[in-house]
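Engineer: have a look at this prediction, sequence included:
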Amino acid sequence: MTSPVWHPFTQHGLNEPIPQVVRAEGALLHLADGSTLIDAISSWWVTTHGHCHPPIAAAIAAQAGQLDQLIFAGYTHAPAEEVARGLIDLAPHAPDQPSLAHVFYSDSGSTAVEVALKMALGYWHNRALDGLGEARSRILVLDHSYHGDTIGTMSIGERGVYNAAWTPLLFDVGTIPFPAPGQEQACLDALDAACREKPAAFIVEPLILGAGGMLVYPPAILREMAAICRRHDVLFIVDEVMTGWGRTGTLFACEQAGVVPDIMAVAKGITGGAIPLAATLATAPIFEAHRSTDRARLFYHSSSYTANAIACAAAAANLAIWREEDVLGRIARLSDGIATRLADLAQHSAFANPRQLGTIAAIDLIAPDAGYLSDLAPRLRAFFLEWGILLRPLGNSIYLMPPYCLDEIQLDHIFAALIAAGDRFGVKA
């Protein structure tokens, strides 16, 4: 019987198989046919400690029997308060920069970024009402960025076939060139020039661009980007939706640059990947620009499930894991294991451009017709499925972003499959 389900990023006209997963544990997905898959991409970058991690699962079960959902406009609950304080404590800090001090909840990475944009524009709008300058609305973005699939987040992301149908709805932005090796100064100069035009904000994925191809740039460049924005009084927004929760080797990527942004979006691993939740953190000046005795100046944004109590309980359990366990130690060991194997894989003639940041690794397969819309990526996905591995290449770029519980045997199996993929699909020397 044909399923009525419409899957994301799936061309149903190609009739590609869609396996049914019935259970998950640790790094493994168990399929309806009895086989298993190693989840090498953390089920779209969300699972951190492992699937169905017992402390998080227990927290969800306990909360579900106590308080499931509550309108968050004018009401609050203990899990939301606990998580907000925990996020502020764990957020990046620096003695010379204002701290992130307020937390606004939402339910996905896209909405967390939408909230960040609305906070930034609201800040400048309200300052103008107070006679503190002109309202600003222009957003600067980094070339090749991806920030989500809502209208606002598509507007600040890379334009292409994946959002061409909605071009009439997208707003104009200023694009800063990516700081590729040898082009770092051109990037910084372009940002400095654009900031002189007094935009509202500059938003970046810190240290690594995800869907844009796992493109890596150094912490020194991120630090200088933030400094340029500060010099020109431009709000600096970091999208830590993918990079947060240890993926880059530190809890948040911007820690490596000593940067505290004006606004930071987090999601995915905030609950350990168990259940949807997102948050947008802001400094006190952003919050104070919206606080008023005038009801017309409140921050007009919400969703029905803002700060859902069950999701917040999962997040609270996740924060406890980060406080009480050596998560960064597990991340370091996994990163070292990936680095050793990636260096060996890079010697294969079918691969080029190996790159790694923490537990995120990517390498390009040298193959004919390797564009984003070619059939190479689907063929690779099917090949890895035969090997019992969930991987989802970006065109010819094969990346790993596994949960931190991945063991050495599973890691060996993944890299054996990568070698086999190079042998089968790569350009022969």
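Structural biologist: The structure has been received and is ready for your questions. Numbers count the residues shown, from 1 in each chain.
Engineer: for Glu175, grab the count of nearby residues.
Structural biologist: Check again: residue 175 is Thr, not Glu. Neighbours of Thr175 under the rule other CB atoms under 10 Å: 17. (Glycine included, C-beta is placed from N, CA and C.)
Engineer: could you say which helix or strand holds it?
Structural biologist: Per DSSP states H and E, Thr175 falls inside strand 174-176.
Engineer: show me what that strand is packed against.
Structural biologist: Packing contacts for strand 174-176, counted by 3 or more CB pairs under 8 Å, 6 or more residues apart in numbering; DSSP states H and E, involve strand 139-142, helix 184-195.
Engineer: surely Leu90 is in contact with Glu255?
Structural biologist: No - proximity of Leu90 to Glu255 does not meet the contact threshold set by CB atoms under 8 Å, at 10.0 Å.
Engineer: who has more neighbours out of those two?
Structural biologist: Neighbour comparison, Leu90 and Glu255: the larger count goes to Glu255, with 20 against 17 (by other CB under 10 Å).
Engineer: then the longest helix along the chain to CSV, C-alphas only?
Structural biologist: In the chain, with assignment by DSSP state H, the single longest helix is helix 109-129. Output in CSV follows, covering the C-alpha atoms of helix 109-129 (Å, rounded to 0.1, in the frame of the first residue of the first chain):
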residue,chain,number,x,y,z
GLY,A,109,16.5,25.7,14.4
SER,A,110,14.7,27.7,11.7
THR,A,111,12.4,29.3,14.1
ALA,A,112,15.3,30.1,16.5
VAL,A,113,17.0,32.0,13.7
GLU,A,114,13.8,33.7,12.7
VAL,A,115,13.5,34.9,16.3
ALA,A,116,17.1,36.1,16.2
LEU,A,117,16.3,38.2,13.0
LYS,A,118,13.2,39.6,14.5
MET,A,119,15.0,40.5,17.8
ALA,A,120,17.7,42.3,15.8
LEU,A,121,15.2,44.3,13.7
GLY,A,122,13.0,45.0,16.8
TYR,A,123,16.0,46.3,18.6
TRP,A,124,16.8,48.9,16.0
HIS,A,125,13.1,49.8,15.5
ASN,A,126,12.5,50.4,19.2
ARG,A,127,15.8,52.4,19.5
ALA,A,128,14.5,54.6,16.7
LEU,A,129,11.2,55.1,18.6
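Engineer: buried residues, that helix. List them.
Structural biologist: Buried positions in helix 109-129, judged by neighbour count with 16 or more other CB atoms under 10 Å: 109-127.
Engineer: same question for stretch 174-186.
Structural biologist: Under the neighbour-count criterion of 16+ other CB under 10 Å, stretch 174-186 has 174-179, 184 buried.
Engineer: looking at these, which is nearest Gly422?
Structural biologist: The shortest approach to Gly422 among the buried residues of stretch 174-186 belongs to Phe178, at 26.5 Å (CB to CB).
Engineer: please list all residues in contact with that closest one.
Structural biologist: Phe178 is in contact with 142-144, 187, 209, 212, 215, 217, counting by CB atoms under 8 Å, 6 or more residues apart in numbering.
Engineer: the same query, at a cut-off of 7 Å, please.
Structural biologist: 142-144, 187, 215 (CB atoms under 7 Å, 6 or more residues apart in numbering).
Engineer: any of the residues you listed buried? List them.
Structural biologist: Here, 16+ other CB under 10 Å leaves 142-144, 187, 215 buried among the contacts of Phe178.
Engineer: let's have those in CSV, adding distance to Ala40.
Structural biologist: Output for the buried ones among the contacts of Phe178, formatted as CSV (distance: CB to CB, whole Å):
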residue, distance to Ala40
Leu142, 27
Asp143, 28
His144, 23
Cys187, 31
Leu215, 20
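Engineer: residues near His301, how many?
Structural biologist: His301: 15 neighbours (other CB under 10 Å).
Engineer: for it, helix, strand, or coil?
Structural biologist: Using DSSP: H, G, I helix; E, B strand; the rest coil, the structure places His301 in coil.
Engineer: that one: what's it in contact with?
Structural biologist: His301 sits next to 115, 118 when contact means CB under 7 Å, 6+ apart.
Engineer: so how far is Ile60 from the residue nearest the centre of the chain?
Structural biologist: The residue lying closest to the centre of the chain (CA atoms, centre = their mean) is Met242, at 1.7 Å. Met242 sits 23 Å away from Ile60, going by CB to CB, to the nearest Å.
Engineer: phi, psi of Tyr399?
Structural biologist: Tyr399 adopts backbone torsions of phi -120, psi 160, taken as degrees, to the nearest 10.
Engineer: tell me if I'm right that it and Thr359 touch.
Structural biologist: No - using CB atoms under 7 Å, Tyr399 is not in contact with Thr359; the gap is 10.8 Å.
Engineer: Ile38: what secondary structure?
Structural biologist: Reduced to three states by three-state DSSP, Ile38 is strand.
Engineer: show me the contacts for it.
Structural biologist: So Ile38 contacts 27-28, 388-390, 410, 413-414 (CB under 7 Å, 6+ apart).
Engineer: from Gly133, how far out is it?
Structural biologist: Counting by CB to CB, the gap from Ile38 to Gly133 is 53 Å.
Engineer: next one: Glu205
Structural biologist: Distance from Glu205 to Gly133, by CB to CB: 28 Å.
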